[in-house]
Each structure stands twice: as structure tokens, then as C-alpha cells.
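*Asks:* whatever this is, show me its structure:
(one chain, ligands or ions: 1)
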Amino acid sequence: MDVIVVGAGITGVAAAEWLRRDGHDVTLIDRLAPGDAGQTSFGNAGILARAAVVPVATPGILSKLPRMALDPDKPLFLRLSYLPRLIPWAIPFLRNSTPARVAAIAEALAPLVTDSVEQHLALARGTPAAAMITQGPYLLLYRDREAYAADAASWALKRAHGIEWAEWDRAEIEAHDPAIAAEFRFAAAMPDHGWIASPARYVAALAAFFTEQGGHIREAEVVDIRPSESGGASVTLAGGEELSADRVVLAAGVWAGRLAARLGHKIAMEAERGYHVMLSNPSHLPPSPIMVEAAKTVATPMADGLRFAGVAEFAGIDGAEAEAPVALIRKQILQLFPGLTWEGETVWMGRRPTTADSLPLIGASPRAPGVIFAFGGQHLGLTMGPRLGRMAAGLASGGGSNLDLAPYRVDRFQRA
Ligand SMILES: Cc1cc2nc3c(=O)[nH]c(=O)nc-3n(C[C@H](O)[C@H](O)[C@H](O)COP(=O)(O)OP(=O)(O)OC[C@H]3O[C@@H](n4cnc5c(N)ncnc54)[C@H](O)[C@@H]3O)c2cc1C
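*Replies:* Residues are numbered from 1 along each chain as shown. From the prediction side, this is the model:
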């Protein structure tokens, strides 16, 4: 088949490469080059978060929101002028925070994340990208055991999905990394995790391999997407050129909502914006990634330095970057590693594609059966990208899935 994949972030590159391996003639279209800083896949924390079965909205979130939004030391930033436009997403988002919904969403997230290291290894095997997959433990740091105990519901959900971890006290934290600030006296150490040493170069290397093996890449903006009478679909590029294919995979991250709207879909998805501060030549690199649980900031040792990534900001896809989230991340750097020094730093903002139920959209559009949706990976889009891409490739090829796809239905927000 001729297949077009729209979007060359981790999800689209994975879909394109799995389709190519399946013997299809694949064209990957993106307005940016794979690995460009405008992709969300460029600047994430790089974690293959196989234990992350807990959705973004959890019980009690409504009561915590006002304090989180007003306290400049909390990692939530709301732009007041954007609030009215956030409401259609925020209402179903909050409805999804009941214990019953959280349990059901965790059930649907688990098969997308728990084998993520294996999914990345399978995608990258035989390509230069494989060298960028690093394996080791992932630490979630708490001030003390009481703070960890306050998170018991999340840990119970992880345990229910087969996740294991070790409980470390200060001595074990110090044995692992003596540079961690003394105020952190408890850690949950999760073994068998993975992280990507350079998310941007990883995506670029996968895309380069795809073209070397016969795949095509086109740098262009897609402005429309339509079903064709033959059961396939076509895309219109800026400038008016129209390209037809037997199948189109829509893997355009948070921007996919705009193209899906051209087909009449309404999708409760927001740009949950996050930032990173990348430190070059730091005086210390931790042996493995660390998340400071209260701050939700992740410190990841990468090929080019130490990356601190985190915060959630709601200001729309196109809203200007802000200072306050970066100031908070800067403060957290020295809170985690007092005395750390570095030579240079770069700052980046990216847009997590976060749906109101924390689940991605995977499947054919009922309005255009030749169009397969594969987006909405929220905080976990790098983790689940190869899996989503592989599922989309299978669906585009006419294969089924041994997974119940109902939770990921592309029209579920419409029906609600
Ligand atoms: C601060 C931060 C930290 C994160 N940390 C992690 C982490 O540690 N682990 C994890 O799993 N996830 C993490 N994430 C989330 C993860 O980065 C994203 O979910 C993931 O990158 C989404 O990948 P994608 O391929 O769906 O989208 P993208 O990478 O955004 O790619 C979409 C592509 O579509 C293209 N496109 C869009 N519209 C069009 C159009 N009309 N025409 C042509 N091209 C188009 C864009 O140019 C872009 O290249 C983090 C995110 C942020 C912001």
C-alpha cells in the first residue's frame, strides 16, 4: 500500500518505520525536520516511564488545584486569559479523576507503557538510534517516608499492574548518588527502566534509517485531510498540492486536533506545556534519572549534559513562552544538587498532547476510514510512541490488535 504518515515526532517516525518494515511504500510528512526543536519529541525528559500507569487527573485534584495554581513554587501554571478556552477540556478532565475512572484509565495505560523499554529496543534494533537507549533504575525522590505514604494510592495502582520498586532510606540514596541534597531522605527506586540519551538525535536517527531503507520524507505543512472514494484518503499541502494514499496515519502530536477537526472530530485535548533547562558540562551527572515527586521535575543524565524538565502550563498551543516556569525549574536544580555548577544552559518549551482522560487516540476515523489516528501520548508520548506507532501501522495494514481498543476510540469525546 501507499501510506502517508503526518508528523515525524517519535510516534510518526515509529509508525512510518513499522509500516516500511511491513513492505509498504511510506511517505512521512512534517513541516519540520525530525529532531527539530519545534517537536515535542525534541526536549522531553527522555524517560521510558514503564511504571507510569497513573493518569494525569487523580482523586482530590479539584481541591488541590487552587493552591497549585496560586503558589509559584508549585509546578502548575494557568494563564488567566486562556481559562475560558480551557473549560471544554477541563470539565471532562476533572470528571476523569474519580477513583473508578482512574482505575479504568490505569488499566488502559498499562499495556501502552509497561513494555516500553522492549518496544523501543525493537524499534531501534539495527539502527544507530539503539545506542541512545540507556537502561537502569529510575528514582522517585521524597523528603521523607511520610511524603511517600501520602502517595500510597498511586503506588497501590502501580503495584496492581505488576510494577516493583525498592524503598531506599538516606543511606541507600547516598550510596547511589551522594550529590543528592540531604533534605531528600526517602526514594522509591524502580529497576529496569530506560531513558534516551538524546531524544532529538534519537528521532532524527530513526528517521534517517527509515529513508536509507527506502522510506520517503517530505518537509511540508499539511493543511487539510479528506477521505477518498476508494476508501483511502488524501492530504492537501500548504501551497495546494494534493497527495493521495491508501491510508493516512495522523501522528501530528498536539496539532493533530486541528487536522482531525477538518474531518469533523471534536477532541478534548490540550497543549500541556512543559519546559526544560539543559545544563552543559555540569560538575555532576547522576548515574540514572531522578524525579523529585513534589516538584514533578525530572533530572536526566544525557549525552549533552544534565536536563531538568517539568512543569505543566496551560496557555494554548500558540501562546508565548513564560519566564516563571523556567525560574521554578532553575530553583529546583540547586534544591536537588546543592553546589552544582555548569558551563552553559539552554531553555526549551514543548507541548504535551494531553487528552481529558489521559489516554491516546488510536484507531480509524469513522468519518474517514482510511485515516488512522495515533496521538495524545500526554506526559508519556516518548514512552508509548513506538507502541502507538506500531499499533497504527498494524491497523493501517488491515491487521487487528489483541488489545481491546475501546478505551482509545477516536470518537469517544464526541459521544460523551
Ligand atoms: C517538558 C516535557 C517533558 C516530557 N518528558 C517525557 C518523558 O520523560 N517521557 C515521555 O514518555 N514523554 C515525555 N514528554 C511527552 C512527550 O515528549 C510527548 O508526548 C511526545 O513527544 C509526543 O510525540 P508525538 O510524536 O506524538 O508529537 P511531536 O513530537 O510533537 O510530533 C508531532 C509532529 O507533527 C508535526 N505536525 C503537526 N502538524 C502538522 C501539519 N499540519 N503538517 C505537517 N506536520 C505537522 C509537527 O511539526 C511535529 O514534528 C515530555 C513532554 C514535555 C513537554
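*Asks:* so which residues of the stretch 1-150 of the chain form strands?
*Replies:* Under the criterion DSSP state E, counting those that start in this stretch, the stretch 1-150 of the chain carries strands at the ranges 2-6, 25-30, 47-48, 76-78, 133-142.
*Asks:* by mean pLDDT, show me the worst of those strands.
*Replies:* Across these, strand 76-78 has the smallest mean pLDDT, namely a mean of 93.
*Asks:* could you tell me how many residues sit around the residue in the stretch 251-400 of the chain positioned nearest to the ligand?
*Replies:* Of all residues in the stretch 251-400 of the chain, G381 sits closest to the ligand, at 1.8 Å by CB to the nearest ligand atom. C-beta coordinates here come from the backbone N, C-alpha and C atoms, glycine included. Neighbour count for G381, taken as other CB atoms under 10 Å: 24.
*Asks:* helix/strand/coil for it?
*Replies:* Applying DSSP: H, G, I helix; E, B strand; the rest coil to G381 yields a three-state assignment of helix.
*Asks:* remind me what the helix or strand that contains L328 packs against, helices and strands.
*Replies:* Assigned by DSSP states H and E, L328 belongs to helix 324-336. Contacts defined by 3 or more CB pairs under 8 Å, 6 or more residues apart in numbering; DSSP states H and E place helix 324-336 against strand 269-280, strand 290-292, strand 297-302, strand 305-314.
*Asks:* dump the ones you listed to a markdown table, plus distance to the ligand, mean neighbour count and mean pLDDT.
*Replies:* A markdown table is the format used below for those (distance: least, CB to the nearest ligand atom, whole Å; neighbours: other CB atoms under 10 Å; pLDDT from 0 to 100):
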| stretch | distance to the ligand | mean neighbour count | mean pLDDT |
| --- | --- | --- | --- |
| strand 269-280 | 3 | 23 | 98 |
| strand 290-292 | 9 | 24 | 98 |
| strand 297-302 | 6 | 25 | 98 |
| strand 305-314 | 4 | 23 | 98 |
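*Asks:* how about TSV for those, with distance to R170 added?
*Replies:* As requested, the helices and strands packed on helix 324-336 are exported to TSV (distance: least, CB to CB, whole Å):
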stretch	distance to R170
strand 269-280	25
strand 290-292	14
strand 297-302	18
strand 305-314	22
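*Asks:* what about the helices in this protein?
*Replies:* Remark: helices assigned in the chain by DSSP state H are 10-21, 61-70, 83-95, 99-113, 116-124, 145-149, 152-160, 170-176, 199-212, 256-262, 324-336, 381-396, 412-415.
*Asks:* and the nearest residue to G394 once chain neighbours are set aside, how many neighbours does it have?
*Replies:* Counting by CB to CB, 6 or more residues apart in numbering, S401 is the residue found nearest to G394 once chain neighbours are left out, at 6.2 Å. By other CB under 10 Å, 14 other residues sit near S401.
*Asks:* touching, S401 and R390? I think so.
*Replies:* No. Contact criterion CB atoms under 8 Å: S401 and R390 do not qualify, at 9.7 Å.
*Asks:* contacting residues for V326?
*Replies:* By CB atoms under 8 Å, 6 or more residues apart in numbering, the contact set of V326 is Y275, V277, V347.
*Asks:* could you dump the helices of the chain to TSV with mean pLDDT?
*Replies:* Formatted as TSV, the helices of the chain follow (pLDDT from 0 to 100):
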stretch	mean pLDDT
helix 10-21	98
helix 61-70	87
helix 83-95	96
helix 99-113	97
helix 116-124	98
helix 145-149	97
helix 152-160	96
helix 170-176	98
helix 199-212	98
helix 256-262	98
helix 324-336	96
helix 381-396	98
helix 412-415	85
